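Colleague: Test case, fold it:
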Amino acid sequence: MNIVVAGDCEKHDFILVAAILLKGYYNNDVMIISDNRRHYQYFDGEVSGIQIRDAEPDVADRPDIVLYDWHHGYPEGLEDEQIVFATSYERQAMEHVDELLDQKHMPALLVVIEEECGLGLNYVDRYYPVITSKISYITSAERRIDWVHDGRVNLKVDKDFAGAVNDFLIEIGNVPKNEIKKLWQYARKRGE
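Modeller: Below you'll find the model as predicted:
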């Protein structure tokens, strides 16, 4: 399963939690590949059993589930991938989504990272009417920064963030809704 989350915004916290929960549900190796190592470099290539890379692995080393955290353009050479776009309200993030749409990439889902500003979800709905499925969560500088400094992921997260991850797992990861609560409990018990 290839899942591309493309967007010029800070979404490593979302990708990390989704990867951990997908690993727990499918009981398979999971890898994150990013074209921007800025935040992932502090995890030393692995966190909670999730491999983190900045380049495509050899076919023999490739796990069944790969999440692409892409910031510039779109990864090349993928087939049958699930496409997700991510944006904040920042101008460059929204322009990146515009470029991806112009390149004829159509996402199954848009993840909106909300911040305090004059814009809101209604604006995003009007700006991207062709993207029908959207989820959102409120950004947390503490979560994004603390995890990077600690080099580990804390699964005690805000309710809106957990809800967005849950929706992502259901819509993109094919995790049944009735398994979500048990999945979080299992991951927390393992100390992820």
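Colleague: Ends of stretch 72-84, what's the gap?
Modeller: Start-to-end span of stretch 72-84 (C-alpha to C-alpha, to the nearest Å) is 14 Å.
Colleague: who touches it?
Modeller: 1-6, 8, 33, 35-36, 68, 96, 99-100, 103, 105-111, 168, 172 (C-beta atoms under 8 Å, 6 or more residues apart in numbering). Where you see a C-beta, it was placed from the backbone N, CA and C, and this is true even at glycine.
Colleague: packing partners for the helix or strand of the chain with the lowest mean pLDDT?
Modeller: Of the helices and strands making up the chain, the lowest-confidence element is helix 141-150, at a mean of 82, by mean pLDDT, DSSP states H and E. Helix 141-150 is packed against helix 12-26, with contacts defined by 3 or more C-beta pairs under 8 Å, 6 or more residues apart in numbering; DSSP states H and E.
Colleague: thinking again about what came up before, tell me which residues in the least confident helix or strand of the chain are buried?
Modeller: Buried residues in helix 141-150, counted by 16 or more other C-beta atoms under 10 Å: 143-144, 147-148.
Colleague: Now render the residues you listed as JSON lines, adding distance to Leu16.
Modeller: Output for those, formatted as JSON lines (distance: C-beta to C-beta, whole Å):
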{"residue": "Arg143", "distance to Leu16": "10"}
{"residue": "Arg144", "distance to Leu16": "10"}
{"residue": "Trp147", "distance to Leu16": "7"}
{"residue": "Val148", "distance to Leu16": "10"}
